[in-house]
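Participant: I'd like to go over a predicted model; first the sequence, then the structure.
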Amino acid sequence: MKLTVNLGKDSYPIYIENNILSQAGNYIRKMYHGKRIMIISDDNVFPLYGDTLIRTLDSDYECHHLVLPHGEATKDFQTLPTVYKAMLEAKISRSDLVIALGGGVIGDLAGFAASSYLRGVRLVQIPTSLLAQVDSSVGGKVAVDLPEGKNLVGAFYQPSLVLIDPLVLNTLKERFINDGMGEVIKYGCIKDADLFSTLESHSSFEDLKEELPAIITRCVDIKRMVVENDQFDTGERMLLNFGHTLAHTIEQHFHYQRESHGEAVAIGMYQITRIAEEKGLTPKGTADRIQQVLKTYGLPLECGLTLGTLTEAIALDKKNLNGNLNVILLHEIGDSYIKATDIQFFAETARLV
């Protein structure tokens, strides 16, 4: 399956196909005619797939690689000098290529390094987690974290190519399949009631697995359309942040050591929908449907913190502009909207979420 993100000079193809990783060189040779490639990966992914990728490339290119520790803690501003040093030592120039081989952490970190090194080096995303395949590898948002919050240093930098191989998900641990399902459920909530109903009609991820390539394709296609309409996140693209206002603050509160991103998004979607129902902004019963589908795919509903504990971090969130906060709510499942509000939306300081 081929999809194309149409952004004028920044347009790029996305290929979704079983076993595409072993054929990656064929796709890369069509779009890149330089000399050197820097592969950035982590210590979980590279031992599994690094050799496969290099074998498809090394007859035509001088391949270098950097393997970083896995986990959100790596996506830190302080990691960037390590990445830049490796690129300098490999003599990567502006005419060369960076490949991000990994999940969302590697995709974001390598993407930001590519965007900023020598003012921009071409980038290929090869996502190996469900979350990265359905969401973070597409759309050009790249970033690193600061101690004060998630993704606070970043850029919009589109890849030249995205290669998605659903079969690599077979090596993921159950927790990180569940993690990715948080973002899949998000797409059903904000844009596709039929997708949400499909998720509701299955009893587990294993039950859903046969339909996974089609589900990944549907999520990517939704993101493609949204990004084409709003590349720089000033309007419709904000809908992709459903659940994220709470999610990012939960992740940051626990120093990225407890809830994964998809788990935090799950909590955020459910809890913000509960609040919206109480305020008459979302129909009653919506949160219950979200609750049931989150349980089906092994995702949490709460983190045990009060809203008051999280409000300081919410105030620093990128979506909080000049004291105005845009939160994403649901008219109903499959139909989302942007609600302009402020920090008082979360003013019930004693409420547990």
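Facilitator: Yep, it's here. Numbering: from 1, shown residues only.
Participant: tell me what the helix or strand containing Ala313 is packed against?
Facilitator: Secondary structure assignment for Ala313, by DSSP states H and E: helix 307-315. In terms of contacts (3 or more Cβ pairs under 8 Å, 6 or more residues apart in numbering; DSSP states H and E), helix 307-315 is packed against helix 244-253. Any C-beta I mention is one placed from the backbone N, CA and C, and that applies to glycine too.
Participant: what's the angle from the helix it packs on to helix 307-315?
Facilitator: With axes from the mean of the first three to the mean of the last three Cα atoms, to 10 degrees as the basis, helix 244-253 and helix 307-315 are set at 100 degrees to each other.
Participant: the stretch 251-353 of the chain: helices as residue ranges?
Facilitator: Using DSSP state H, counting those that start in this stretch, the helices found in the stretch 251-353 of the chain span residues 261-278, 286-296, 307-315.
Participant: please identify the most buried of these.
Facilitator: Across the helices of the stretch 251-353 of the chain, averaging neighbours per residue (mean count of other Cβ atoms under 10 Å) puts helix 261-278 on top, at a mean of 25.
Participant: the helices of the stretch 251-353 of the chain: which one's closest to Phe196?
Facilitator: Closest approach to Phe196 among these is made by helix 286-296 (7.1 Å; Cβ to Cβ).
Participant: mind saving the C-alpha coords of the closest one as CSV?
Facilitator: Taking Å, rounded to 0.1, in the frame of the first residue of the first chain, the C-alpha atoms of helix 286-296 are listed here in CSV:
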residue,chain,number,x,y,z
THR,A,286,-19.1,8.6,25.6
ALA,A,287,-16.6,8.1,28.4
ASP,A,288,-18.1,4.7,29.1
ARG,A,289,-17.5,3.6,25.5
ILE,A,290,-13.9,4.8,25.7
GLN,A,291,-13.5,3.1,29.0
GLN,A,292,-14.6,-0.3,27.7
VAL,A,293,-12.4,-0.2,24.6
LEU,A,294,-9.4,0.9,26.7
LYS,A,295,-9.9,-2.1,29.0
THR,A,296,-10.2,-4.4,26.0
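Participant: which residues does it contact?
Facilitator: Among residues not part of helix 286-296, those counted as contacts by Cβ atoms under 8 Å, 6 or more residues apart in numbering are 182, 185, 188-189, 196, 199-200, 202-204, 266, 269-270, 273-274, 276-277, 300-301, 330, 332-333.
Participant: quick check: the closest residue to Arg119 other than its chain neighbours vs Met87, distance?
Facilitator: What sits nearest to Arg119 in space, not counting adjacent residues and going by Cβ to Cβ, 6 or more residues apart in numbering, is Arg94, at 7.4 Å. Look at Arg94 and Met87: by Cβ to Cβ, to the nearest Å, they are 11 Å apart.
Participant: neighbour count winner among these two?
Facilitator: Each of Arg94 and Met87 has its neighbours counted (other Cβ atoms under 10 Å); Met87 has more, 23 against 11.
Participant: surely that one is in a helix?
Facilitator: Yes - assessed with DSSP: H, G, I helix; E, B strand; the rest coil, Met87 lies in a helix.
Participant: any idea how far it lies from Leu80?
Facilitator: 10 Å.
Participant: would you mind giving the domain segments of this protein?
Facilitator: Here the domain parsing of the chain from automatic domain parsing is 2-171, 175-346.
Participant: so which of these gets nearest Leu352?
Facilitator: Per Cβ to Cβ, nearest to Leu352 of the domains of the chain: domain 175-346, 5.8 Å.
Participant: do a quick rundown of the strands in the protein.
Facilitator: 2-5, 12-16, 36-42, 62-68, 97-102, 122-127, 141-146, 149-156, 161-164, 320-321, 324-332, 335-341 (DSSP state E).
Participant: confidence-wise, which of those strands is weakest overall?
Facilitator: Within those, confidence is poorest for strand 320-321, with a mean of 52 (mean pLDDT).
Participant: for stretch 235-243, give the mean pLDDT please.
Facilitator: Here the average pLDDT along stretch 235-243 is 94.
Participant: what about it, start to end distance?
Facilitator: 16 Å (Cα to Cα, to the nearest Å).
Participant: same question for that stretch: list its buried residues.
Facilitator: Residues of stretch 235-243 classed as buried: Glu236, Arg237, Met238, Leu239, Leu240, Asn241, Phe242, Gly243 (neighbour count, 16 or more other Cβ atoms under 10 Å).
Participant: stretch 335-350 now?
Facilitator: Buried-residue list, stretch 335-350, by 16+ other Cβ under 10 Å: Ser336, Lys339, Phe345, Phe346.
Participant: isn't Asp43 up against Leu68?
Facilitator: Yes - using Cβ atoms under 8 Å, Asp43 is in contact with Leu68, at 7.1 Å.
Participant: of the two, who's got more company?
Facilitator: Leu68 (22 against 13).
Participant: and that one, how far is that from Val45?
Facilitator: From Leu68 to Val45 the distance is 10 Å (Cβ to Cβ).
Participant: common neighbours of the two, please.
Facilitator: Shared contacts of Leu68 and Val45, counting by Cβ under 8 Å, 6+ apart, come down to Ile106.
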